[in-house]
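Q: Have a look at this prediction, sequence included:
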Amino acid sequence: MSQLSSLRERKRAECWAALHEAAAEVALEDGIESVTVDGVAGAAGVSPRTFFNYFPCKEDAVLGLQEPVLDDAMLEAFDVHANLLDEVGKLMLAVTRSIQGGDDAIRHQILHKYPHLLHRRVQYVVKVEQLVTTAVSELLAGSDRLADAERILAAHPVGGQYTAEDTARLLVMTAGTALRFAMQKTMSQPTLESQTEALEHSLTLLRAVLKESE
C-alpha cells in the first residue's frame, strides 16, 4: 500500500470513528431521539452529505456498524480439509467482528438501553451469512472434500442433488446457531478471546446434542 493510500485509509478511519463516537455519546447522554444526522456530522466536523458516505442511517452510526469484510487472510486461514463446522464457525466469527467498530463496551451499553436497535445488527449478520455462504461454497467446489459425501448420497434410496452451495448454506446455518449462542454468553465481555472460547464450547455442545439425538 502506497503512502497516499495509507493516508486516505487512516483519514477515513478517523472520520468513521469521529461520527460513531459523536452519535454514541448523544445517544447515551441525551437519548436516541436526540441523535440527528446534522448534529452528528457537525460534531465530527463534516457535512451531512459526508455522513452518508460512512453510514446509511443514524442508528448504524450509534452502534458503530459497518459492511462485513471477508479478506484474503480469512480465506487462507480456512482449512477445507479440517472439521468444516469448526472452520465455518471461526470464519463467521471473524467476519461478524468486522461489522462492529468502536468500543464493544459502549455498544453493549447502547443495546442494553435501546434493545430495539438490535434489529439493525441482525440485518448486518444476514449480510455476514450471505458472504460466508458464497465463500465457503466456492472453497468446497474447488476441492475434493465433497467427493465421499456425493458417493454416499448417490447410493441413498432417497437420492437428491448434493451441491457445494447447499452444503455451505447448511454449514453456515448450523455454525450460526452456535455463534449466536456464544455471542449471548459473552455479551457483557465481547472480546475476541472470550468469543473464540465461547464458540469452541458452543460447537462442542452442539455436536454432543446432535450425537445424543441420533
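A: All right, it came through fine. If you're wondering where the values come from, they're calculated on a predicted model, not measured in any experiment. Numbers count the residues shown, from 1 in each chain.

Q: going forward, measure contacts and count neighbours with C-alpha atoms only.
A: Will do.

Q: Tell me which stretches of the protein form helices.
A: 3-30, 37-44, 48-51, 58-63, 72-77, 84-98, 104-113, 118-141, 147-154, 164-185, 192-212 (DSSP state H).

Q: winner for burial among the ones you listed?
A: The highest average neighbour count among the helices of the chain, using mean count of other CA atoms under 10 Å, belongs to helix 58-63 at a mean of 24.

Q: Quick one: mean pLDDT over it.
A: When pLDDT is averaged over helix 58-63, the result is 96.

Q: Now do that helix: distance to the chain's middle.
A: Offset of helix 58-63 from its chain centre (CA atoms, centre = their mean, to the nearest Å): 16 Å.

Q: which residues are contacting it?
A: 19-21, 23-24, 27, 35-37, 55, 66, 100, 107, 110, 117, 120 (CA atoms under 8 Å, 6 or more residues apart in numbering).

Q: which of the residues you listed lies closest to R49?
A: V37 (9.1 Å; CA to CA).

Q: gap between the closest one and A18?
A: V37 sits 13 Å away from A18, going by CA to CA, to the nearest Å.

Q: Need the overlap of contacts for these two.
A: What both V37 and A18 touch, as defined by CA under 8 Å, 6+ apart, is an empty set.

Q: mean pLDDT for the helices of the chain: which is lowest?
A: Mean pLDDT is lowest for helix 147-154 among the helices of the chain, at a mean of 60.

Q: Phi and psi next, for D71.
A: As for D71, its main-chain torsions (degrees, to the nearest 10) stand at phi -100, psi 180.

Q: Let me know the pLDDT of Q189.
A: pLDDT for Q189: 81.

Q: any idea what sits nearest it, other than its immediate chain neighbours?
A: Once flanking residues are discounted, Q189 sits nearest to A105: 7.6 Å by CA to CA, 6 or more residues apart in numbering.
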